[in-house]
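What follows is a protein structure lacking sequence information:
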Ligand code: AHR
């Protein structure tokens with residue numbers, strides 16, 4: 001009876017994983033779980049391809065789609081089978097996918113976590129199964145012994161860089177002492193991209209007595225919600241005061257631009273716009289003068305992730321934390337840089 005329950009549970013996990021992958025356009029996890037022992041020894045046989053289970057946050061932004069593409073292309077180039085699941089920005093879908101990967105006995109699990117908290121139990125399950133885990137992009141807030149490597153951007157530094165750029169820009173315009181009223185479109189609450197960018201920017205803002213954060217709400221990193229929240233800012237009590245917008249990603253900034261125009265203001269002039277990521281589309285808006293600064297967040301690190309996976313399977317030493325390289329761009333760089341943008 002106990003055995004029956006166990007098989008039934010396994011069947012349900014696999015069926016749900018298929019449904020999840022299929023409904024998101026993601027590649028379904030491998031049909032038959034690998035029969036290699038837990039710990040992913042698929043690569044012991046050189047004929048067998050290494051299998052990596054990768055659960056992505058979703059498809060909420062151009063950044064995210066570029067990151068998915070980079071992981072898929074680099075896995076293929078490295079001869080790795082990538083079992084891909086799009087979690088539609090839901091942590092519960094991610095936890096579910098990780099459990100399916102454990103059942104499949106993949107060689108490595110890669111998680112791009114939606115939010116920082118709530119990972120202990122499932123990471124402990126992966127550890128107990130002997131499967132190495134790579135955390136990619138955003139961070140997890142738990143005992144670092146529960147995963148092997150984290151790779152991604154320094155979100156706190158990005159937030160600080162946005163603040164430092166703004167201070168310099170205002171000073172160059174002779175507005176260093178003027179009243180600055182800032183609206184913030186936050187990313188997904190409790191994601192490390194939101195936490196780091198908010199904290200880093202707040203740290204710099206606190207050094208300026210004339211800066212005030214008058215609006216601060218989440219647009220969940222999507223264009224549509226960025227526009228909706230900006231709409232509420234432009235109808236709120238501070239509408240006429242706002243002279244800076246910090247959008248925590250390009251999607252929300254682009255969504256906000258037409259809302260600002262519809263409110264009779266000139267984006268990039270009446271309201272200085274600083275954003276994060278650096279998509280080609282956002283660079284286009286910067287060439288047009290509507291966006292003033294882009295703090296880059298680099299999504300193209302699939303090659304590094306696949307390299308880490310191979311090293312983990314081979315039992316080689318890997319750094320616990322790997323930061324990707326990124327820059328800061330403003331209007332003067334926009335036209336020259338737009339063609340170099342990778343996404
Ligand atoms: O975690 C990285 C952030 O997630 C990117 O800034 C954003 O565009 C994405 O949705």
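In hand now; what should we look at? All of these numbers come straight from a predicted model, not from anything done at the bench. Residues are numbered from 1 along each chain as shown.

Now for residue 340, how many residues are close by?
For residue 340, the neighbour count with other Cβ atoms under 10 Å is 8. Where you see a C-beta, it was placed from the backbone N, CA and C, and this is true even at glycine.

One more: residue 305?
The burial count for residue 305: 28, using other Cβ under 10 Å.

Pretty sure it sits against residue 71.
Yes - assessed by Cβ atoms under 8 Å, residue 305 is found in contact with residue 71 at 6.3 Å.

List, one by one, the residues from the protein near the ligand.
Residues of the chain lying near the ligand by Cβ under 6 Å from any ligand atom: 60-61, 63-64, 137-138, 193, 221, 249, 276-277, 297.

which one of those sits closest to residue 117?
residue 138 (11.3 Å; Cβ to Cβ).

What strand or helix carries the closest one?
Assessed by DSSP states H and E, residue 138 sits outside every helix and strand.

Thought residue 111 was touching it, still the case?
No - Residue 138 sits out of contact with residue 111 when judged by Cβ under 8 Å, with a separation of 9.3 Å.

quick one on the thing from earlier: need the overlap of contacts for residue 305 and residue 71.
110, 136 (Cβ atoms under 8 Å, 6 or more residues apart in numbering).

Find the nearest non-adjacent residue to residue 119, please.
Setting aside the residues directly before and after it, residue 119 is nearest to residue 140 in space (Cβ to Cβ, 6 or more residues apart in numbering), at 4.6 Å.

would the one you found count as being in a strand?
No - going by DSSP: H, G, I helix; E, B strand; the rest coil, the assignment for residue 140 is coil, not a strand.

Tell me where the stretch 201-343 of the chain has strands.
211-218, 244-247, 272-277, 293-296, 321-323, 328-330 (DSSP state E, counting those that start in this stretch).

how about a markdown table for those, with mean neighbour count added?
Converted to a markdown table, those look like this (neighbours: other Cβ atoms under 10 Å):
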| stretch | mean neighbour count |
| --- | --- |
| strand 211-218 | 18 |
| strand 244-247 | 27 |
| strand 272-277 | 27 |
| strand 293-296 | 26 |
| strand 321-323 | 14 |
| strand 328-330 | 18 |
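
JSON lines for those strands, including distance to residue 253 and mean pLDDT?
Listed next are those as JSON lines, based on distance: least, Cβ to Cβ, whole Å; pLDDT from 0 to 100:
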{"stretch": "strand 211-218", "distance to residue 253": "14", "mean pLDDT": "98"}
{"stretch": "strand 244-247", "distance to residue 253": "4", "mean pLDDT": "99"}
{"stretch": "strand 272-277", "distance to residue 253": "4", "mean pLDDT": "98"}
{"stretch": "strand 293-296", "distance to residue 253": "9", "mean pLDDT": "98"}
{"stretch": "strand 321-323", "distance to residue 253": "24", "mean pLDDT": "98"}
{"stretch": "strand 328-330", "distance to residue 253": "13", "mean pLDDT": "97"}
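
Out of the ones you listed, which is closest to residue 129?
The closest of those to residue 129 is strand 321-323. By Cβ to Cβ, the value is 23.5 Å.

Mind listing the strands that closest one pairs with, and their directions?
strand 149-152 (parallel) (DSSP bridges).

What residues sit buried inside the partner strand?
149-152 (16 or more other Cβ atoms under 10 Å).

nearest to the ligand, of these?
residue 152 (7.4 Å; Cβ to the nearest ligand atom).

follow-up on the earlier one: of residue 138 and residue 111, who's got more company?
The residue with more neighbours, out of residue 138 and residue 111, is residue 111; 29 against 25, by other Cβ under 10 Å.

In CSV: the buried residues of strand 149-152, plus pLDDT.
As requested, the buried residues of strand 149-152 are exported to CSV (pLDDT from 0 to 100):
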residue, pLDDT
149, 98
150, 98
151, 98
152, 98
